[in-house]
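1. return atomic coordinates for the entry below.
(one chain, ligands or ions: 1)
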Amino acid sequence: MARDPLIGIVGKPSSGKSTLLNSLTDANAAVGAFPFCTIDPNRATGYLQLPCACSRFGLESQCKPNYGWCVSGKRHVPVMLLDVAGLVPGAHSGRGLGNKFLDDLRHADALIHVVDVSGTTDSEGKNTRGYDPLYDIEWLQDEIRLWIEGNLKKRWGSIVRRHTATKSSPVDTLQAQFGGYGSQVPMVQRALDRVASEQGNLPPLEQWDDEWITRVVRSFMAEKFPTVLALNKIDHPDADKNVSKILLRHPGTPCVLTSAVTEVFLRKLKKQGFVQYDEGTEFVDTAEDDPKLRPLDERALERIERVRDLVLYRFGSTGVVQVLQASVALLKLVPVYTVRNIHSYTGGSGTAVFRDCFLVKSGTPVGQVARHILAGRSPSPRSRPAAACVSARTQPSPRATTTSSPSSWRPGRLPQAHPASPMYHSVYKPPLTKQRAELLV
Ligand SMILES: Nc1nc2c(ncn2[C@@H]2O[C@H](COP(=O)(O)OP(=O)(O)OP(=O)(O)O)[C@@H](O)[C@H]2O)c(=O)[nH]1
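-> So this is what the prediction gives:
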């Protein structure tokens, strides 16, 4: 990924995409209980929560990020988000507001699919009761596949002729077609390898029929658009049974239970000084717990109680922070802290430490990281040339620098994402056995 990661938020109309975007950012995307409330894709900066490198050295008080912020060793790293207008079944052929929305997705590196698990909106986002959201997961994946497949099949005859005439490899031929989605050769190669491992060797490209094309496109989708499901509206009484059904049907898919509307509510009260809320946790203090806070009226207090009972105490959080962490984890990104002084971790002048943090694919050679950072940014003089890279996940050594190579990681490469990292813990990996899930139903 030669640019900053972009996470696309997709789903049917009224599933809560804009609410999720608002809860992750300071954006004010239009929110409404009517379909197609969003028409243009909204881009906004969300903030990914990570344990900051400063906390490993007891330097929390000196940590002053150039972008985002850090509180008590919890770093908030900016990540670009894209809220795509609601998709409906048949979108690939222009239904709803057309496949223009699918085109908006081209540059996304991973997707958050917002699924309304309350069952109160149908596949087009219209109000209903008892709707089965399992259907939404399937048709949305199909729409994306049919869109890519349609674009490919439109030109299949000439693609094959050119492939034969130029004696290209299937990877090169497909890369020429998939380049518009921001693919790269290794990504296309992985997609083909996956098909080969599942189906046996692929026939020559000239002999691919519709079924082979579908298999290849499916596999490319898994590489290009890794997806996490945000099972949203868990505050609704009908959500439990739908969540259980989804977890049973999609055991391998990363899912995070969310209540975006609760997160928006809590962040708003926090901003206004009514509550102390630690985002990503279940802890909300009011004036009853901390007299320094502004007192809430009876109605707001009742709502806080409901939110605690229905969401925070039951699920441990609103899930909004975790869903962004899960999507970044799908991309196998690790934070890299560039510092000028590898002894003080400062950025040049002053005493502030760990001023810059970049998200980089795990395993990327240090030289490539440096080239990417120096080429892709126009850093301020204060944060200019990185003399060293420190990754928050370097375990157990504190330093991963270009000039020293601690024994715990391979010299010249960034460490692999640590499996015990909170980034992975926070992904809602269904801990349910089949029996427990059935009990929930
Ligand atoms: N109960 C509940 N309602 C929610 C939640 N998240 C969003 N909503 C409500 O769902 C409705 C639709 O939310 P939006 O965020 O506008 O949905 P959208 O998916 O962006 O819709 P489009 O713009 O039409 O694509 C609004 O009334 C929200 O308040 C949630 O977690 N729980």
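
2. for the helix or strand hosting residue 191, packing partners?
-> Residue 191 belongs to helix 185-199 when elements are defined using DSSP states H and E. Here helix 185-199 is seen to pack against helix 170-178, helix 210-224 when contacts are counted using 3 or more CB pairs under 8 Å, 6 or more residues apart in numbering; DSSP states H and E. Every residue, glycine included, has its C-beta placed from N, CA and C.

3. up against the ligand, what does the stretch 251-400 of the chain have?
-> With CB under 6 Å from any ligand atom as the criterion, the stretch 251-400 of the chain comes near the ligand at residues 259-261.

4. related to what we said a few turns ago, got the buried residues for the helix holding residue 191?
-> 187-189, 191-192, 194-195 (16 or more other CB atoms under 10 Å).

5. between the residues of the stretch 251-400 of the chain next to the ligand, which has the most around it?
-> Most neighbours among these, by other CB atoms under 10 Å: residue 259, with 30 neighbours.

6. quick check: pLDDT value at it.
-> Confidence per residue is given as pLDDT, and for residue 259 that number is 96.

7. my guess is it contacts residue 234, does it?
-> Yes: applying CB atoms under 8 Å as the test, residue 259 and residue 234 come out as touching, 5.1 Å apart.

8. list the contacts for the spatially closest residue to residue 11 that is not a sequence neighbour?
-> In this structure, residue 11 finds its nearest non-sequential neighbour in residue 114, 3.7 Å apart by CB to CB, 6 or more residues apart in numbering. By CB atoms under 8 Å, 6 or more residues apart in numbering, the contact list for residue 114 reads 9-11, 15-17, 20, 230, 232, 258, 260.

9. sorry, back to before: now do the shared contacts for residue 259 and residue 234.
-> With contacts defined as CB under 8 Å, 6+ apart, the residues shared by residue 259 and residue 234 are 310-311, 315, 319.

10. verify the assumption that residue 80 is located in a strand.
-> Yes: secondary structure assignment places residue 80 in a strand (DSSP: H, G, I helix; E, B strand; the rest coil).

11. separation between it and residue 47?
-> Residue 80 is 11 Å from residue 47, where distance means CB to CB, to the nearest Å.

12. one more: residue 65?
-> Taking CB to CB as the criterion, residue 65 is separated from residue 47 by 11 Å.

13. common neighbours of the two, please.
-> Counting by CB under 8 Å, 6+ apart, the contacts common to residue 65 and residue 47 are residue 76.

14. circling back to that earlier point, got a list of contacts for the helix holding residue 191?
-> With CB under 8 Å, 6+ apart as the contact definition, helix 185-199 has outside contacts at 170-172, 174-175, 178, 202, 215-216, 219-220, 222-224.

15. and the two most separated of those residues?
-> Every pair in the contacts of helix 185-199 was compared (CB to CB); the two farthest apart turn out to be 172 and 222, at 20.6 Å.

16. okay, the residue nearest to residue 11: pLDDT?
-> Turning to residue 114, the model gives it a pLDDT of 96.

17. can you tell me the element it falls in?
-> Element membership for residue 114, per DSSP H and E: strand 110-116.

18. repeat that for residue 314.
-> Remark: residue 314 resides in helix 313-315, with elements defined by DSSP H and E.

19. would you confirm that residue 325 contacts residue 48?
-> Yes: counting by CB under 8 Å, residue 325 sits close enough to residue 48 to count as a contact (6.4 Å).

20. got any ranges where the stretch 101-250 of the chain has weak pLDDT?
-> Judged by pLDDT under 70, the stretch 101-250 of the chain has its weakly predicted residues at 101.

21. tell me which residue in it sits closest to the ligand.
-> For the stretch 101-250 of the chain, the residue positioned closest to the ligand under CB to the nearest ligand atom is residue 233, at a distance of 3.8 Å.

22. show me what contacts that residue?
-> Applying CB under 8 Å, 6+ apart, the residues contacting residue 233 are 16, 116-118, 120, 239, 259-261.

23. one more pass at 6 Å, please.
-> Contacts were defined as CB atoms under 6 Å, 6 or more residues apart in numbering; by that measure residue 233 touches 116-118.

24. would you check that residue 235 makes contact with residue 310?
-> Yes: Residue 235 is within contact range of residue 310, at 4.8 Å (criterion: CB atoms under 6 Å).

25. hmm, residue 170 and residue 205 touching each other?
-> Yes: with contact defined as CB under 6 Å, residue 205 counts as touching residue 170 (4.7 Å).

26. just the element for the residue located most distally from the centre of the chain, please.
-> Relative to the centre of the chain, the most outlying C-alpha is that of residue 165, 40.8 Å out, by CA atoms, centre = their mean. Assigning secondary structure by DSSP H and E places residue 165 in helix 156-166.
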